[in-house]
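**Q** no sequence on hand, only this structure:
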């Protein structure tokens, strides 16, 4: 039994389960009497567009924006690439064109909206009075302050001209069908790409509280927008969103179940701890190290061989000068907590293939990870303090690199105790 190979097999199965090829076609609506327009944003949106186009029986057109390197060829739907996680002018231009595309639609028309993780950065259309530079600065501050994804997206929704249901309102009176690949804890539609085509119950006051809580520096125009209430999003019950439908193409739970199936086939008992674990990555690493130790020492809550599976999205509060990455930060803290525990391996990675801002999905740890690091002259604790998980695992040759996976159901974590 090769622990590394089994962990990678589980991760690959989780990513495969989140692909839209099999799960999207059954969710497609009946063609309308009028036009069909496809819009979307996210790391998995281009692949969703390709699958939709292949299975759609009638005419269609549209515009989808995805991350650089994540485009796939489509014949009728235009695919635009833009920057993630910090937005750029290409994303702003695509968001503006998307609004213009849906504004003239009528009651006989259909809008199919393909949304997946990463769409917040890929649709960076600033609210009136704000600039792209303002949005970029706020985005960087949010990424570094330790805010949860829900908190980040609450603020983004109230500083946007397209998020928080505004894109759906622009589609009115056309019918809107949302097809979502969830990358957020709890699968909350308003938090997937900051909910451009669904109602939002949060308020400007909530956004201001998040600003206060994390000390986020706001441009004067952004603060005025929130304090005046002019940044309010589209609320539940708004007539312009009536009749809209929302369906999930893939979720973190689906990915975890696929990994659990792989484990079971290898005679390893899978324990799914949760699909929405949040908090500081290093703190979660310490907690799950304690659970893995309980399994190894006391055979609770299960006897080895077993695997502890979890998903969700942790955060990293950047204090060092390293390259970040929440999955590798989790793994480094986990390795320190395990302290070379025999018979324990782990893999953590982002299912989109990008952990933080690196083109690296994550990494693997083994019982000898700390010993090999010390032998190579790499102090593990110093690497964690410097938020340099990627540097640490690359030096050991333990990084997991997948390339663009064309989907995103957030983080995947597996701790294998043999």
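**A** It's in. Note that the structure is predicted; figures quoted are calculated from it, not measured. Numbering: from 1, shown residues only.
**Q** was I right to think residue 177 contacts residue 245?
**A** Yes. Residue 177 lies in contact with residue 245 (CB atoms under 8 Å); the separation is 4.8 Å. C-beta: built from backbone N, CA, C; applies to glycine.
**Q** tell me, what's touching the two both at once?
**A** The contact sets of residue 177 and residue 245 overlap at residue 29 (CB atoms under 8 Å, 6 or more residues apart in numbering).
**Q** of those two, which one has the most company?
**A** Per other CB atoms under 10 Å, whichever of residue 177 and residue 245 has more neighbours is residue 177, with 19 against 11.
**Q** which neighbouring elements make contact with the strand or helix carrying residue 51?
**A** For residue 51, the enclosing helix or strand under DSSP states H and E is helix 45-55. With contacts taken as 3 or more CB pairs under 8 Å, 6 or more residues apart in numbering; DSSP states H and E, helix 45-55 sits against helix 20-23, strand 36-41, strand 61-67, strand 77-82, strand 110-116, strand 175-181.
**Q** give me the low-pLDDT residue ranges for the stretch 51-200 of the chain?
**A** Residue ranges of the stretch 51-200 of the chain with pLDDT under 70: none are present.
**Q** so which residues of it form helices?
**A** Here the stretch 51-200 of the chain has its helices, by DSSP state H, counting those that start in this stretch, at 89-102, 119-122, 132-145, 149-157, 166-171.
**Q** what helix or strand is residue 328 on?
**A** Per DSSP H and E: helix 326-338 holds residue 328.
**Q** tell me, how many residues neighbour the closest residue to residue 324 other than its chain neighbours?
**A** Leaving aside its sequence neighbours, residue 324 sits nearest to residue 356 (CB to CB, 6 or more residues apart in numbering; 4.2 Å). Around residue 356 there are 21 other residues, counting by other CB under 10 Å.
**Q** show me where the stretch 301-418 of the chain has its helices.
**A** Using DSSP H, counting those that start in this stretch, helices in the stretch 301-418 of the chain cover 326-338, 369-375, 380-385, 389-396.
**Q** would you list the ones you listed in JSON lines and tack on mean neighbour count, mean pLDDT and distance to residue 131?
**A** Conversion of those to JSON lines gives the following (neighbours: other CB atoms under 10 Å; pLDDT from 0 to 100; distance: least, CB to CB, whole Å):
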{"stretch": "helix 326-338", "mean neighbour count": "27", "mean pLDDT": "98", "distance to residue 131": "29"}
{"stretch": "helix 369-375", "mean neighbour count": "16", "mean pLDDT": "98", "distance to residue 131": "44"}
{"stretch": "helix 380-385", "mean neighbour count": "16", "mean pLDDT": "96", "distance to residue 131": "36"}
{"stretch": "helix 389-396", "mean neighbour count": "23", "mean pLDDT": "96", "distance to residue 131": "31"}
